[in-house]
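Novice: pasting a predicted model and its sequence here:
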Amino acid sequence: MLAALVGVLAAVVAALVVRGQWQPSIETIWRSELEEAVRDLADGLHTDADGRATLWLKPLHLSLYDAMPKDAAYRVVDADGRLVAQSDDGPALRGLRNAPGGASLFEVDNGGTPIVLQALRRDVERDGHRYAIAVARSDRLVLSLDEYAGRLSLRAGVRTALLMLLVFLLVVFLIVRQSLRPVRVASELAARIGPRNLSARLRMDDLPTELVPLIEALNNALGRLEQGYRVQQAFLATAAHELKTPLALLRGEIELGGAANREVLLRDTALMARQVHQLLHLAEVSEGHNYTFDAVPMHAAAFDAADYLARLADTRGVAIEVRTSGTEREVEADGGAVFVLLKNLLENAIHHTPRGGSVRLHVSRQGFAVEDDGAGVAPAQRARLFQRFGHGDGPRGDGAGLGLAICREICLAHGWHIALDASHAGPGARFVVAIAGAATGGPAA
């Protein structure tokens, strides 16, 4: 409302300024007055059936000629030169009648001070008859009338502008108030939404059309928040359940006192430490602000992850092979996150590969692929592979079922796609990471 009011005020001020600065010349005003006078006389001419012409003028125009015989006059004659009508006798009429050669500019005496008049002559046709009209106006009359009309116009314009502003304010206030009532209702409902009633949504009944997309976007955001909150609650419950078992075992070993098995204690402690470490990793990769993107060479990242897990692979009797195809490609990614992604995929493959088998990491310009020689993934287990705390039918190793969930979060943050290759014909499982913006085709050679 304030912006609209300022705009209207600016328009009014601009109109007043333009009117004040744009003033036509006296010659233009003079000519305009004479043209208008000729039109009024022509409109008032009428010829009856007998061919007799009469002239009718508006009372205002008649008063002007009667009251100011020195400053205004008119004459109307027919085609034969016969007088049809003229204004009252006075200096202006005599000057108009006696102007030498039909001059358009002449003077009349005014007690020693001459009055300058301008004349205009026009031939018109009315009811099949031609007439000659001549009018004269003085400069002082034209200027006085123009100044008076200007003052009247200014006062009328100011009053009209003020009335327009008042009506505008009232109408806009009522319309805006009525239009925003549903917005106030939606705001009150939004203020009451909290963790205990995340399922509530903002109503879009009677909302202005322009605000519907905004409320829809807010409702969608609330839906995502509700889903995230429920996933977080389920995650906390599952994490507590996963940690409860090793904690109970550890407590039992400690309560046995001297009968405690040191190796068992160390194993349970290492398992808990790994689970906590994976939980921290998952929390870190789930937050977008934790990523720092830079150019990461794909081949170098693959060899770094393979070198890091070489000792684990040797311990389990598994060989790691890194196979590259095509030229080196750099991708915009978080280097640490890419390392964790490859490490988790390779580690998962190592744990599911029997002794004497191998794990193969394929790198191409389209992405990564990790293959193992394990038993593969049963169809019934594939839907839960990337869920948190999801375990397949194979050996669980020392993990908590968070490795693939961490991989999925990293890929989501980078706009990549990770999936189990269901069409893989060889032994074991094959996980594929397709990098966004890569050429069409499989991600590995």
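Specialist: Received it, and whenever you're ready, just let me know what you need.
Novice: helices along this protein, start to end?
Specialist: Along the chain, counting by DSSP state H, helices occupy 2-21, 26-44, 59-67, 91-98, 139-179, 181-192, 212-255, 262-285, 298-308, 310-315, 335-351, 403-414.
Novice: which one of those has the lowest average pLDDT?
Specialist: Summarising mean pLDDT across the helices of the chain, the least confident stretch is helix 262-285, with a mean of 65.
Novice: next up, the contacts around the residue lying closest to Ala42 once chain neighbours are set aside.
Specialist: Taking Cβ to Cβ, 6 or more residues apart in numbering as the measure, Ala42 lies nearest to Val124, with 4.5 Å between them; neighbours along the chain are not counted. To be clear about C-beta, it is placed using only N, CA and C from the backbone, and glycine gets the same treatment. With contacts taken as Cβ atoms under 8 Å, 6 or more residues apart in numbering, Val124 has the following neighbours: 38, 42, 45, 130-131, 133.
Novice: most widely separated two among those residues?
Specialist: Across those, the longest distance by Cβ to Cβ is 14.4 Å; it joins Val38 and Arg130.
Novice: those two: which is more packed in?
Specialist: Comparing Val38 with Arg130 by other Cβ atoms under 10 Å, the one with more neighbours is Val38, at 18 against 11.
Novice: backbone phi and psi for Ala99, please?
Specialist: Dihedral pair for Ala99: phi -60, psi 130, per degrees, to the nearest 10.
Novice: that one contacts Glu107, correct?
Specialist: No - Ala99 lies out of contact with Glu107 (Cβ atoms under 8 Å); the separation is 9.9 Å.
Novice: neighbour count for the two, which is higher?
Specialist: Neighbours per residue (other Cβ under 10 Å) separate Ala99 from Glu107, with Ala99 holding more: 19 against 14.
Novice: quick check: closest non-adjacent residue to the more buried one.
Specialist: In space, Ala99 is closest to Phe106, 4.7 Å off (Cβ to Cβ, 6+ apart).
Novice: and Leu218, by the same measure?
Specialist: Residue nearest to Leu218 in three dimensions, not counting chain neighbours: Leu202, with 5.8 Å by Cβ to Cβ, 6+ apart.
Novice: Pro208: what's it in contact with?
Specialist: The contact partners of Pro208, taken as Cβ under 8 Å, 6+ apart, are 179-180, 182-183.
Novice: ok, and the most crowded of the residues you listed?
Specialist: Using other Cβ under 10 Å as the neighbour criterion, Pro182 leads the contacts of Pro208 with 18 neighbours.
Novice: state the distance from that residue to Arg203.
Specialist: Applying Cβ to Cβ, to the nearest Å, one obtains 7 Å for the distance of Pro182 from Arg203.
Novice: likewise for Glu332?
Specialist: Taken as Cβ to Cβ, the spacing of Glu332 relative to Arg203 amounts to 42 Å.
Novice: same deal with Asp294?
Specialist: For Asp294, the distance to Arg203 - Cβ to Cβ - is 46 Å.
Novice: give me the number of residues near Glu33?
Specialist: 19.
Novice: go on, Asp78?
Specialist: The number of residues packed near Asp78 is 16, by other Cβ under 10 Å.
Novice: looks like it contacts Tyr131 (just checking).
Specialist: Yes - with contact defined as Cβ under 8 Å, Asp78 and Tyr131 form a contacting pair (5.6 Å).
Novice: find residues that contact each of those two.
Specialist: Overlap of the contact sets of Asp78 and Tyr131 (by Cβ under 8 Å, 6+ apart) consists of 53, 84.
Novice: show me which positions of stretch 178-195 end up buried.
Specialist: Of the residues in stretch 178-195, those scored as buried under the neighbour-count criterion (16 or more other Cβ atoms under 10 Å) are 182-183, 186, 193.
Novice: output the lengthiest strand in the chain as CSV, nothing but the C-alphas.
Specialist: When every strand of the chain is counted residue by residue (DSSP state E), the longest turns out to be strand 115-126. Provided in CSV are the C-alpha atoms of strand 115-126 (Å, rounded to 0.1, in the frame of the first residue of the first chain):
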residue,chain,number,x,y,z
ILE,A,115,-5.7,47.6,-27.2
VAL,A,116,-4.2,45.0,-29.6
LEU,A,117,-6.7,42.5,-31.1
GLN,A,118,-6.2,39.6,-33.4
ALA,A,119,-8.8,38.6,-35.9
LEU,A,120,-9.6,35.2,-37.5
ARG,A,121,-11.8,34.8,-40.6
ARG,A,122,-13.3,31.5,-41.8
ASP,A,123,-15.8,30.5,-44.5
VAL,A,124,-18.3,27.8,-43.4
GLU,A,125,-21.2,26.0,-44.9
ARG,A,126,-24.4,25.4,-43.0
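Novice: now it against helix 26-44, angle please.
Specialist: Taking axes from the mean of the first three to the mean of the last three Cα atoms, to 10 degrees, strand 115-126 and helix 26-44 form an angle of 40 degrees between their directions.
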